[in-house]
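**Q** no sequence for this one, just the structure:
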């Protein structure tokens, strides 16, 4: 048996108590013959740094080991998450029934919490680089975005405005929201021109601070009444279609 990882099938999960917990670093509970509804107590696995328990029927998770760095628990029936370890770097908890997230550790760099029932997000970690919170129908507001954020996907939510964007962000997807405008500092986001900004199916009604870049902006199905042409440079193209 490899000490660096253990894949546990359902019929063996009860045998976790018979293993040397100090030799287990990765625990994969995703390939069970039956869908798990509970996970045994895990804190004795003090060296565990990765837990994969997605695609089960979990309603809750046990207390997590302090050294855990990676947690993948998507596609379950989770309604809440336990306290997150201080060293957690990666959290994939999408496709559950979460309506709230616990406090996020500052070590976290990747948060995927899309397809839940979230109404708000906690304060975002200062080192976060990826945030996927799309398809949370009742999410109305985003917290302050950290300066490290590279990618934001918040489409299919009820947000009415975006916070100030990080200068180095390079992916922004905010279709199908209740946005009426975009942050004025979008003109300072120099990396965005290399990626398409998808802003369709919103309620954007004014475009008066578009960036100086060679890029096509997608504003299909908005309520655009005005844009300031002095911000159109270098063959930049705006495609706008009024909402029917």
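**A** Yes, it's here. All values reported here derive from a predicted model rather than from experimental measurement.
**Q** now stretch 144-151: how far from the chain's centre is it?
**A** From the chain centre to the centre of stretch 144-151 is a distance of 12 Å (Cα atoms, centre = their mean, to the nearest Å).
**Q** may I see the buried residues of that stretch?
**A** Using 16 or more other Cβ atoms under 10 Å as the test for burial, stretch 144-151 gives 145, 146, 148, 149, 151. Using the backbone N, CA and C atoms, a C-beta is placed for each residue, glycine as well.
**Q** try stretch 149-162
**A** Across stretch 149-162, burial judged by 16+ other Cβ under 10 Å covers 149, 151, 152, 153, 154, 155, 156, 157, 159, 162.
**Q** quick one on the thing from earlier: could you dump the buried residues of stretch 144-151 into CSV with pLDDT added?
**A** Listed next are these as CSV, based on pLDDT from 0 to 100:
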residue, pLDDT
145, 98
146, 98
148, 97
149, 97
151, 94
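**Q** ok, which pair from the residues you listed is furthest apart?
**A** The largest separation in the buried residues of stretch 144-151, counting by Cβ to Cβ, is between 146 and 151 at 12.2 Å.
**Q** shared neighbours of the two, anything?
**A** Counting by Cβ atoms under 8 Å, 6 or more residues apart in numbering, no residue touches both residue 146 and residue 151.
**Q** could you pull out the strands for this structure?
**A** Here the chain has its strands, by DSSP state E, at 6-7, 26-28, 50-52, 70-72, 90-92, 110-112, 130-132, 151-153, 171-173, 197-198, 206-207, 216-222, 226-227, 237-242.
**Q** and those, which one is worst for confidence?
**A** Least confident of the strands of the chain, judged by mean pLDDT, is strand 237-242 with a mean of 36.
**Q** closest to residue 74 out of the buried residues of stretch 144-151?
**A** For those, the closest approach to residue 74 (Cβ to Cβ) belongs to residue 151, at 17.5 Å.
**Q** OK, contacts around the closest residue to that closest one other than its chain neighbours?
**A** Nearest residue to residue 151, sequence neighbours excluded (Cβ to Cβ, 6 or more residues apart in numbering): residue 171, at 4.1 Å. Residue 171 makes contact with 150, 151, 152, 153, 195, according to Cβ under 8 Å, 6+ apart.
**Q** any idea how far residue 57 is from the first one?
**A** What it means is residue 150. Separation of residue 150 from residue 57 (Cβ to Cβ, to the nearest Å): 34 Å.
**Q** how near is the nearest residue in space to residue 59 that is not next to it in sequence to residue 84?
**A** Among residues not flanking residue 59 along the chain, residue 77 sits closest, at 5.3 Å (Cβ to Cβ, 6+ apart). Separation of residue 77 from residue 84 (Cβ to Cβ): 19 Å.
**Q** when these two are compared, which one has more neighbours?
**A** Per other Cβ atoms under 10 Å, whichever of residue 77 and residue 84 has more neighbours is residue 84, with 19 against 14.
**Q** thought the more buried one was touching residue 91?
**A** Yes - at 7.1 Å, residue 84 and residue 91 qualify as touching, with contact defined as Cβ atoms under 8 Å.
**Q** any low-confidence regions in the chain?
**A** Scanning the chain for pLDDT under 70 picks out the ranges 1-17, 32-34, 193-244.
**Q** let's see 80
**A** Along the chain, the parts satisfying pLDDT under 80 run over 1-20, 31-35, 187, 190-244.
**Q** which residue ranges of it form helices?
**A** Counting by DSSP state H, the chain has no helices to list.
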